[in-house]
Structure formats: structure tokens, C-alpha cells
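J.: Kindly return the folded structure for what I paste below:
(chains A and B)
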2 protein chains.
Amino acid sequence: MDYTHETTKNTNGTAIPDMTTTSNGSPTSPTTEKVARGRYRHLALVHRGHRTSCLSHDSENSPSFLGFRNLMVIVLIVMNLRLVIENFMKYGVLICIRCHDYRKQDLILGAILYVMTPCYLYVAYIIERAAKDQAMEALGKAKKNNENPQNGAQVVKSFQSTWRNIAWAHGINATLSLLVTSIVVYNYIHHPLIGTVSEVHAIIVWLKICSYAFTNRDLRHALLNPNHAEPLPDLYSICPYPRNITLRNLNYFWWAPTLVYQPVYPRTSRIRWLFVAKRIAECISLSIFIWLASAQYAAPLLHNSIFKMASFDVPSILERLMKLSTISLIIWLAGFFAVFHSSLNALAEVMMFDDREFYTEWWNSPSVGVYWREWNKPVYHFMRRHVHNPLMARGWSFNAASAWVFIFSGLLHELLVGVPTHNILGVAFIGMVVQIPMIYVTMPLEKMKGPNGQPLAALLYFFAWQAKYGSASKNSFR
Amino acid sequence: MDYTHETTKNTNGTAIPDMTTTSNGSPTSPTTEKVARGRYRHLALVHRGHRTSCLSHDSENSPSFLGFRNLMVIVLIVMNLRLVIENFMKYGVLICIRCHDYRKQDLILGAILYVMTPCYLYVAYIIERAAKDQAMEALGKAKKNNENPQNGAQVVKSFQSTWRNIAWAHGINATLSLLVTSIVVYNYIHHPLIGTVSEVHAIIVWLKICSYAFTNRDLRHALLNPNHAEPLPDLYSICPYPRNITLRNLNYFWWAPTLVYQPVYPRTSRIRWLFVAKRIAECISLSIFIWLASAQYAAPLLHNSIFKMASFDVPSILERLMKLSTISLIIWLAGFFAVFHSSLNALAEVMMFDDREFYTEWWNSPSVGVYWREWNKPVYHFMRRHVHNPLMARGWSFNAASAWVFIFSGLLHELLVGVPTHNILGVAFIGMVVQIPMIYVTMPLEKMKGPNGQPLAALLYFFAWQAKYGSASKNSFR
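T.: Here you go, the predicted structure:
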């Protein structure tokens, strides 16, 4: 508190304190900082006028919360790392490769189903070849009989019974493809993983058969009715019907990362093998992560959850459900990325398939409806092209067609979950059907979307619920 | 698979399918959706050209992750709610109002200290009144002796010894104000909460006394040297020295939400009592939340942490530290909001104090240095005006002045933490001094700040560390 030092400097009086310009609270770096070596720093003006707290409603511009987001990320990482340590201290290492009960019968049946399933696609090809021959013959006959080959309606009418036979042949083939696998898996495959892989494979091929049959039906129809046909998409002119009915064309569709048949797809000019390698590495890493997370965290959790749930102790049940929902969500996200980003991109690169939009920003969905349109584009495209729009064309309302899409999807989900676990409980079916009212409840939120595009959290509540449902259905695995 | 239905509709052939315009994947609401009732929906073009996955590096514009942020918020809430339930199942209700050991002696001494502490501020006022009288007398004498009253240097020279006496008087008074409280708290107050409140009160009043003395010293100096004085801030002209040396002016400073004395502050025109009520309600709610969180979560955690830490089992220690850091962080954030937003805004509103910038967006700080400039503006203003800038004016380097600010602040922190817990361990002091190298280590990050203002997470690692340090120092409470 020696004030005299200042006084001796008094006679200099050269510099002017710049406190009035530097103490405005903005961060000033030491290099650009200039503090006057003058006097009267202790009386500098600090509180110069009206200022609000940046978190106050009085504040004109709302502050950025980016830092809080980073903080959340760190807290999430720390909280989960803690749970990892806690789990390790409680259970030790639970991961065990040899403990899995892969029966010999399961492996043999799985291999047979894996080879057999694509065969139905080739049966569909044979049917289409026959249909093509019939159509060409009918077209030739019509040309010969009536010198006006533009009179397509006449040709189609004569083609009516053939049309029906083709439909029946496709119907029987497609139904068989799904039925045989489901019966084998339900009755003879014990291990749920082998069963699920076989069932997923069968459903994918089934959807591909349906798309192949429906698309070629329309293409054939367009050929027979050139005067009534609206113009076909330009891309298809590269390979017009019936030139697309070749084994090579079908082989491409078999492996292409889509469920929707097109005679021609957008293609890339070369395969970037480094890209493929990266995607495969991602996929392998995520698969290992999912395996570790399931074996070490989800499994003991599910195990003691069943016990707790049976006790009907509400806090215990809630606690278990919350812990399950977090781990389910993490596994779900890892699985989503592994399948929809890594695997499908790797496959697309190898197949030189140029449309990589396998998902869009579903995490920003303002409503349940948008979520379902965005998270799984291959299935969405199939449902829209082969279920929803044809139904609307037949006079169904938009809502009725949408409802049917979810009922249909629910049936497929029930097959997917119920068959490999030998329990057709209807949980997966109900889970999908419940989406219909959810879509209508959250639909107003799509329009409420603020000017800054802030998506509402509604979807995420739903998401948390879905994670729980997911884990509940996994429950039946054990 | 009945294709004939389509065929009968064939002759209409009116509408054209608009699949090519609606199947572009953008969310379309059912009301605006128009699906053509024409034919050939099954051959619609879905894969029309090059498209990338939005999470791919190939994608030109990076997607918005707002939805993931919301998802994180929900996961954080769910994870913490789960911990709440787990804690409840483990410990039951630990909250107990009557269990607190508030001794009669503590309450009496606390009350005495509460009343006594502001008295030192009034002693400072008496000293300033005497100084003012002396200064006016010296000024009058100089006017009489020398008809040129502009010759301030002469007046100041004759005022030299008086100057010293004032400094000593202020020094003794200020030191006493801090010393008496510290000795009483350290030796006679058992309860750490009462001790902390008394000590915080004493430190605030001490800082106010210092600011009052320093500012009036400079104002008096400016009065005695009108020719050498650079212009004073315009705001001060409303109440120039010595008119500010009044009880009323000091009373205002006593309660104003600032540690920096100004003769005049920016003021509002009226008190919004609803605003005050809201801020007080926030403050009460947050205080209850902090109390519950401390008693129910932090206390048992700390209790069994000490036991675990003593075992030197690394996974256990890590697990405890992580759990402690999360709850400490939550309590710290609640405390920050309660003090720096709610309480100070309520007080400012009642005092009609218009500068409410008690903090700025510290959560977005790109470095430790910026964090310390932003999170506690009242102390930052004091340190800048009365410690940092005066030291630089005396020729200290920026870095040396900054280092001294942190050493000085460390001493105050040690008083604040060590005295009420009767343990001067130096942990709080070291915690503050460690900031000095931290600031230099993270300083390059300030410049690395990207064009989109993305703050780096560096601060938050530090923050997590601080949370741990905070809990470690709390440790000594028990």
C-alpha cells in the first residue's frame, strides 16, 4: 500500500491509460495488449453502461452453446468409461470365443440355406425369360394379324392368360423362397445368429425377386402398349426391355446394394480399392466392438434384468431399463454405421454402384414419419415404389397406403426376429404397427420446425423407446 | 400378385406417374403429395445418378449433427436418472435436516462476523473522509501561497507524508478485516458451511475496501494535479471527487454486485420485481438441488472414495475419480448459475445496477487463459484494474503481472478453502498456480480457432481436471 511510487512518476505524465478501450471484456491476447504506462489505472471505467448476462432473456443474441456440447461429449465418455471399469471390476472378462455353442447341424443348414436362397432369384429369371418369349411371340403375332402393331390393347387382351400364369409362377417362387428358409430356421437352426443371418438373407432375396418381377411386368406392359405408355426414364434407354433379361443383368442386381430393380443403374468408372479397404476395416472394427459390448455389457445386464423384472420392483425395473436403453442405443448406432455406412458403401464401391444414399440425416428428423423415410433408404425405396405408390394408384388414400406399409413391414420384422428365436410373440409386429399412430402424433412437429432448422427432440424420445423395444426383443434371444 | 387389375385400367391412360419428381428422398407431407394414378409405378427411376452417403468424406457438405446433440442430452439425462435410482436403492434417503451439527457457538460467532465485516468498509470511509479534508486543506493552502493553483506537483510534494499516513491506515484496516475473520473462523467455527460463508464475506469486503482506497487515491491525485491529469471517464463527471465521499455513495458500493469501485455506475430506471422474484426462485431451487445432490450423491461417494483411494487399486481409484468428476461438474454448474446468473442478477436488479455482465461465454473458451477471463467477471475486473494493469504500469511484463494475479488469487483461494476446513494444505493455492503454465500451454489454441469459431475441447479436459480438484478439496470438508 505504498502510494508514493506512483507520485514520483507523476512528472512524466506522457501516456494515457487505455483501460477504457481494453477492459471491455473481450478476450485480448497478450501480444496485442497495450497497457498504458501512465497513471490512474485504479480509477479506470469498468462498468460503462447497460450490459446483460448472456444467458438472460434480456440478452438480444443468444450465446453459442458449442462448448457445452463438447462438455457433454466429455461427460458421456467419462461416464461410460466409468461404467466399463465398474463392469470389469464386477464381472471380470466375460469375452470367450470358444464358449459359443455353434452346433454342427446349424453350420451345415446355414451353409445350405446360404447357397440355396439366391437360386430363387434365378428361378425368377427363368420365369421372366419365358414371359419375354411369350411377349415377343404375342407381339409378332399381333404384327402379322393386324398390320397396325400400335393397337396394343388388343395384344394385351390376347396376352391376359399368359399374364396370369407369369404372376402365379412368380408368386409361388417368391413365397417358397421365404417359406423354406423360415421353416428350416424355425425348426432346425438352434443358434440365433446363424438363424438371423439366414432369415435376413432370405428376406433380402425375397424383396429383390418381388422388385424384379414387378419392374419387368411394367416394362413388358410398356413394350406391348407403345401408344399408351408414358415415356420411360431416360436412363433405361441404354438397355430397353427385353434386352435387360440377361443373366449378367440379374447377377448385377443380385449383388447391387439396392432392393429396387432397374435395368440400368448409375455407375462409377472405377473401383477405389483403398476406399473399400477403409470401409471393410470400419465394418470389422465395429463388429468387434458390438461383439465385445454385447458379450461384456449387454449380456450380464440382460441376465440380471430378467431376474429384476420378475420381482415387479418398479425402481429396479426402471433402473435396468435405463441401463439397457443406453447400451442398446450405443450398439444400435454402431450397428447402423457398420451396415448402412461401411458395408453398403464397400459393396457399392466394388459393384461400381454410384447412388450411395443409403440413409440421410435421420438424426435430425423432426417427426417419426421423417425418421422412417430417412434411416433405411433401401427398404424405404422398395416400400415406396412397390407398395405405397401402387396402392395409391389403385385408389387407396395416402394414410391407408402408409398404414399398410407399416403392417407389411411389421410382418417382415416379426419373421426376422421371431423365426430365429423360435418365438413368434408379435412384439416386433406390434412395434412396427405402433409407428402408425406415432407418425400422426408427431406429424404437426414437421411443420413446427423453427426457422433455424432446429429439429425437435420428439424423435429422440421415440428413439429411446425404440432402443428399449430393441433390447426387449433381444431379450428373447437368451 | 394379380397383375390383371392394372390391365383393366389400361385404357384410361390419363395420368403420368410423378415418381421421378417425388421419389427424391426429401420428406413430403401427405397433403402436398400427389401420386399419379397412372401406370408403371413399379419401373420408376429410384437410383438416378451419383449420390454420396452424407457421413462419407466424399460428401461435399457435412451434415448437421443437431439431432445427435439432442440424443446426447437424452442419454445424459437417462444415464443420470439411472444413477439416481441406483443410489436410492443402495443408500435410501440420506437427506436429513436435523442431522446437521450447527453448534450454538458457530451460529453466534457467524452472526457477529456477519455484522462486523462491513464495519471495516466504514472505517475505510472515515479514512477517506480524513484524506479528503487534508487534500482540500492542502489545495486551499497552495491556492493561498501560490496564486497559480495549477502547480499541482508542489501541492503533492507537500502532501507526501499525509499520503503515506492514509496508505498505512487503509493497509492496517484492510488487513485487520481479513485477519480477524480468518483467525475466528480457523480457531472457533466448527461447521465448514458457516465458516465458508464468513470467509467469503470477509474476502469480498476486503476486495471492496482495496478498490475503494485505490480508486479514491487516484481520484484525489487527479484533483491535486489538474494539469497533469489525463481526462477522467465522462461518467464520473456526474459525481466528481470529493463529492463521492459520502455515506450514501459507499452504501451503494457495499451492496452493488461488483468488486470495483466507481463514483458513478450505470443505473437502470426502475426495479422489475417479477425479474427479481424469478431470479430468487432460481437461486432457491438450485440451492436445494445442490444440497440434495451433495447430501445424497456426493457425500456417500466421497465417503467410500476415501476408503477406495487408500487401497491403491488403480481401477477403483479411476472409477471413483470419474464418478466424482461427473457429480462435481453438475454441482459446479448449478452453483455457477445460482451465484453468477441468478443471485447477481437479482441483486443488480434491486440495486438498479445496469451492467449485468457477470460472466461471458466461458464454455466456448478456446484456452485456459480465456476461460479465466470469462467465467468470473467481478474478480477478473478487480484483478485487471487493481493488480494486473498497475503492475504493468510499474514496468512488469504482461506475463509476470499475470503470474502474480494467479499467485495472489491462489492465496485468496487457500484462505477460502483452507481456513473454514482448518487445513491449510496448499492444495487450492497450487491449483491456482498450476493455471499459469496451463495458460501458456493452451495459448496457441486461441489462434488455432477455426473460421467457424469451433472452440477446441482443450478447455474441457482442463475443466474435468478442475472438477476433480474441486472434489479433492471438498474432500477435506469431511
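
J.: which parts of the stretch 151-300 of chain A sit against chain B?
T.: A:153, A:156, A:160, A:163-164, A:166-168, A:170-171, A:174, A:211, A:213-215, A:217-219, A:221-222, A:225, A:228-230, A:232-233, A:235-236, A:258, A:260, A:262, A:265-266, A:268 (C-beta under 8 Å from any C-beta of the partner chain). Heads up, the C-betas are built off the backbone N, CA and C, glycines and all.

J.: again, only this time at 6 Å
T.: Taking C-beta under 6 Å from any C-beta of the partner chain as the measure of proximity, the stretch 151-300 of chain A contacts chain B at A:163, A:167, A:170-171, A:214-215, A:217-219, A:228, A:230, A:233, A:260, A:265-266.

J.: From the residues you listed, list the buried ones, please.
T.: Burial by neighbour count, 16 or more other C-beta atoms under 10 Å in any protein chain shown: within those this picks out A:163, A:167, A:170, A:214-215, A:217-219, A:228, A:233, A:260, A:265-266.

J.: From those residues, which land in helices?
T.: A:163, A:167, A:170, A:214-215, A:217-219 (DSSP state H).

J.: Of the buried ones among the residues of the stretch 151-300 of chain A next to chain B, just say which sits nearest to A:Ser325.
T.: Set against A:Ser325, the nearest of those by C-beta to C-beta is A:Val260 (33.4 Å).

J.: show me the contacts for the closest one.
T.: A:211, A:381-382, A:385, B:46 (C-beta atoms under 6 Å, 6 or more residues apart in numbering or on different chains).

J.: try 8 Å this time
T.: Listed by C-beta atoms under 8 Å, 6 or more residues apart in numbering or on different chains, the contact partners of A:Val260 are A:211, A:215, A:378, A:381-382, A:385-386, B:46-47.

J.: likewise A:Gln296?
T.: A:Gln296 touches A:87, A:91, A:93-95, counting by C-beta under 8 Å, 6+ apart.

J.: separation between it and B:Val78?
T.: With distances taken as C-beta to C-beta, to the nearest Å, A:Gln296 is found 20 Å from B:Val78.

J.: And for A:Leu286?
T.: 23 Å.

J.: Burial check on the residue in the stretch 351-478 of chain A that chain B sits nearest to, number of neighbours?
T.: Using C-beta to the nearest C-beta, A:Trp363 is the residue of the stretch 351-478 of chain A that sits closest to chain B, at 3.2 Å. By the criterion of other C-beta atoms under 10 Å in any protein chain shown, A:Trp363 has 24 neighbours.

J.: Can you tell me the SS state at it?
T.: The three-state label given to A:Trp363 by DSSP: H, G, I helix; E, B strand; the rest coil is helix.

J.: Find the nearest non-adjacent residue to it, please.
T.: B:Gly67 (3.2 Å; C-beta to C-beta, 6 or more residues apart in numbering or on different chains).

J.: How about residues contacting stretch A:298-315?
T.: Applying C-beta under 8 Å, 6+ apart, the contact partners of stretch A:298-315 are A:87, A:90-91, A:94, A:316-317, A:319-321, A:323-324, A:327-328, A:331, A:471, A:474-475, A:478, B:85, B:88-89.

J.: switch to 10 Å and redo it
T.: Stretch A:298-315 has contacts (C-beta atoms under 10 Å, 6 or more residues apart in numbering or on different chains) with A:87, A:90-91, A:94-95, A:290, A:293-294, A:316-321, A:323-324, A:326-328, A:330-331, A:471-472, A:474-475, A:477-478, B:84-86, B:88-89.

J.: Output that stretch as CSV, restricted to C-alpha atoms.
T.: Output of stretch A:298-315 as CSV, limited to C-alpha atoms (Å, rounded to 0.1, in the frame of the first residue of the first chain):
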residue,chain,number,x,y,z
ALA,A,298,-25.4,-56.3,-22.6
ALA,A,299,-25.3,-60.0,-21.7
PRO,A,300,-24.9,-59.7,-17.9
LEU,A,301,-27.2,-56.8,-17.9
LEU,A,302,-29.9,-58.7,-19.7
HIS,A,303,-29.3,-61.7,-17.5
ASN,A,304,-29.8,-59.9,-14.2
SER,A,305,-32.6,-57.7,-15.7
ILE,A,306,-34.8,-60.7,-16.3
PHE,A,307,-34.4,-61.6,-12.6
LYS,A,308,-35.2,-58.0,-11.5
MET,A,309,-38.1,-57.6,-13.9
ALA,A,310,-39.7,-60.7,-12.4
SER,A,311,-39.6,-59.1,-9.0
PHE,A,312,-42.0,-56.4,-10.1
ASP,A,313,-40.0,-53.8,-8.1
VAL,A,314,-40.6,-50.6,-10.1
PRO,A,315,-37.4,-48.7,-9.2
